[in-house]
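[1] This is the structure alone, sequence omitted:
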């Protein structure tokens, strides 16, 4: 019923399309975030986008470019702090995250009407996306997917075995930078729709749900993208039905998919265990 | 300079803000050292977000924010340990999922209420200038409780941080020690929610100790420097925000000003520490160790 209502309005149709695109893109890229254990770093990337967004809106340039640029400054800051070896990476990430975000809040507080914009940045505002935003998401999605496909073998090797990758003549650092750049691109495109905090949920939850069903990386990406897109549809529907924030609803839909997957995978396993414990002879005779 | 540091505090609301910030400085300065030792920056950040729905619910039903935050702090500590076991995934990934799902519950609930953006902003970024007497008392009680508990558990927490195997061999339960630290972090978030909000409190939980670490080797001085940095930056941040807003006509959010000053202090101490080490290395050439 509500899905039909969603399709009737031009505004909501666009929002639904954006939710599906963002969900699929995050589900795809998120596999690398999970493989490389980057959730905290991704959170920092998305928070660090704020000063860039504020400055870009002041200067009248693209918000997307602003957030991308300031995310890259954060990458450099964390790399510098981490290389000093007096702080562990997570502390360095935390310091940079908090500092960059506070700088953004401070810059933002000087503008009139700041609290609404700030809220939109944090939790997204998908119903206000425009045709150009959807187009940008689609273009970035295709570009990111193309890069991930072209370098798939190398990127996965870099995630699992850096030494081996280096021995084969690849530069692990370059591979890291490629992954981080793809994550930063994804974050910069998704913030408009789901906001800075929930984008991390969308990057981590669908791949984790996918990992419960499949073991290999490529199927995980496919299932992850599917779960992400489905979360977009369910979240938008729930948001229209119960009049709740769309970004929150999409992230919760992804969590529901994860919980449902965990239960669905656990039940046959439990049943199987019960069967084998009931008839140990069957196992022995094999 | 003196006027800059003292003038803003002629007003009652600025005095209350200053007392609150000084208390929080001692509280966060102490707690952040343990967060640094345990390398649990991400877990602490996740706690600040998972507490958010508790704060929202308490706010809606008119209960003290403290209660809601405490309930959700404990709940998320338990969910974290159960989920890590059940999913067999890395801690960080589970933390990411928890952060997103708890936080979105809060967002969804707030979005059902009227005055959505306004309430959300107050909970996320705090309003230190609106702190009242009762809230200062709560912060003072929380500070004494947390600092007292951490002092009692100091030996165990430090051992847990440096030697997780040894602490278990001695008969302690690492899970309980982690839970204790997480509850203390949750209490800091609760105390700081009014002043700096749930998003910026992470700076108080990480940056003071990180700044102290840049110039200290030993634990004792680290506590002192960490608390001093947090208190001084709180004061400076309030003064800067007042000065910029009143004398220069540019509004500057007080919570964010405090955190930006704190981050600047971190950068300054990092530079000082690096310079001091470079000087020390030059004046005493490295001892050559026999092969």
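    Thanks, I have the structure now. Treat the numbers as computed from the prediction; the structure is a model and nothing was measured.

[2] Around chain A, pick out the residues from the stretch 101-250 of chain B.
    With the criterion set to CB under 8 Å from any CB of the partner chain, the stretch 101-250 of chain B comes near chain A through B:101, B:103-108, B:110-112, B:116-118, B:120-121, B:124-125, B:199-200, B:202-203, B:205-207, B:210, B:213-214, B:250. For the C-beta atoms, the positions are set from N, CA and C on the backbone; glycine is no exception.

[3] Show me these that map onto helices.
    B:101, B:103-108, B:110-112, B:116-118, B:120-121, B:124-125, B:199-200, B:202-203, B:205-207, B:210, B:213-214 (DSSP state H).

[4] Check those residues for burial and list the buried ones.
    Among these, those scoring as buried are B:101, B:103-108, B:110-111, B:116-117, B:120-121, B:124-125, B:199-200, B:202-203, B:205-207, B:210, B:213-214 (criterion: 16 or more other CB atoms under 10 Å in any protein chain shown).

[5] Report the secondary structure element holding residue A:201.
    helix A:172-213 (DSSP states H and E).

[6] average pLDDT for that helix?
    Averaging pLDDT along helix A:172-213 yields 87.

[7] Any idea how far that helix is from the middle of the chain?
    3 Å (CA atoms, centre = their mean, to the nearest Å).

[8] same question, stretch B:163-178
    24 Å.

[9] just stretch A:212-223 next, same as before
    16 Å.

[10] can you check stretch B:184-195 too?
    7 Å.

[11] So for stretch A:43-62, what gets flagged as buried?
    A:43-57.

[12] Then stretch B:145-153?
    Result for stretch B:145-153 [16+ other CB under 10 Å]: buried residues B:146-147, B:149-150, B:153.

[13] Counting neighbours, what do you get for residue 259?
    Just going to use chain A. 15 (other CB atoms under 10 Å in any protein chain shown).

[14] My question was about chain B, not that one.
    28.

[15] hang on, it packs against residue A:99?
    Yes. The criterion here is CB atoms under 8 Å, and residue B:259 meets it with residue A:99 at 6.9 Å.

[16] which residues do those two both contact?
    Taking CB atoms under 8 Å, 6 or more residues apart in numbering or on different chains as the criterion, residue B:259 and residue A:99 both touch B:203, B:207.

[17] Low-confidence ranges, the chain, go.
    Went with chain A since none was named. Across chain A, residues meeting the criterion (pLDDT under 70) sit at A:1-8, A:82-85, A:112-117, A:273-286.

[18] think we crossed wires, I meant chain B
    B:1-2, B:81, B:83-90, B:114-120, B:285-291.

[19] so who does the spatially most central residue of chain A touch?
    Most central in chain A under CA atoms, centre = their mean is residue A:203, positioned 2.4 Å from the mean C-alpha point. Each residue near residue A:203 by CB under 8 Å, 6+ apart is listed here: A:26, A:29-30, A:33, A:39, A:42, A:183, A:186-187, B:96.

[20] Most neighbours out of these, which is it?
    For those, the largest number of neighbours (other CB under 10 Å) sits with residue A:26, at 37 neighbours.

[21] The host helix or strand of that one and chain B, any residue contact?
    Assigned by DSSP H and E, residue A:26 belongs to helix A:10-35. Yes. For helix A:10-35, a contact with chain B is found by CB under 8 Å from any CB, at residue A:34.

[22] Output the contacting helices and strands for that helix.
    Contact here means 3 or more CB pairs under 8 Å, 6 or more residues apart in numbering or on different chains; DSSP states H and E; on that basis helix A:10-35 packs against helix A:2-8, helix A:131-150, helix A:152-160, helix A:172-213, helix A:217-242, helix A:246-278.

[23] and the third one with helix A:131-150, angle?
    What it means is helix A:152-160. Taking axes from the mean of the first three to the mean of the last three CA atoms, to 10 degrees, one finds helix A:152-160 and helix A:131-150 inclined to each other by 80 degrees.

[24] okay, the angle between helix A:152-160 and helix A:172-213?
    90 degrees.

[25] wait, does helix A:152-160 contact chain B?
    No. No part of helix A:152-160 sits near chain B under the criterion CB under 8 Å from any CB; the closest distance found is 12.5 Å.

[26] Can you give me every residue that contacts the residue in the stretch 1-150 of chain B that chain A sits nearest to?
    Per CB to the nearest CB, residue B:100 is where the stretch 1-150 of chain B lies closest to chain A, at 2.1 Å. Residues near residue B:100 by CB under 8 Å, 6+ apart: A:197-198, A:200-202, A:204-205, A:251, A:254-255.
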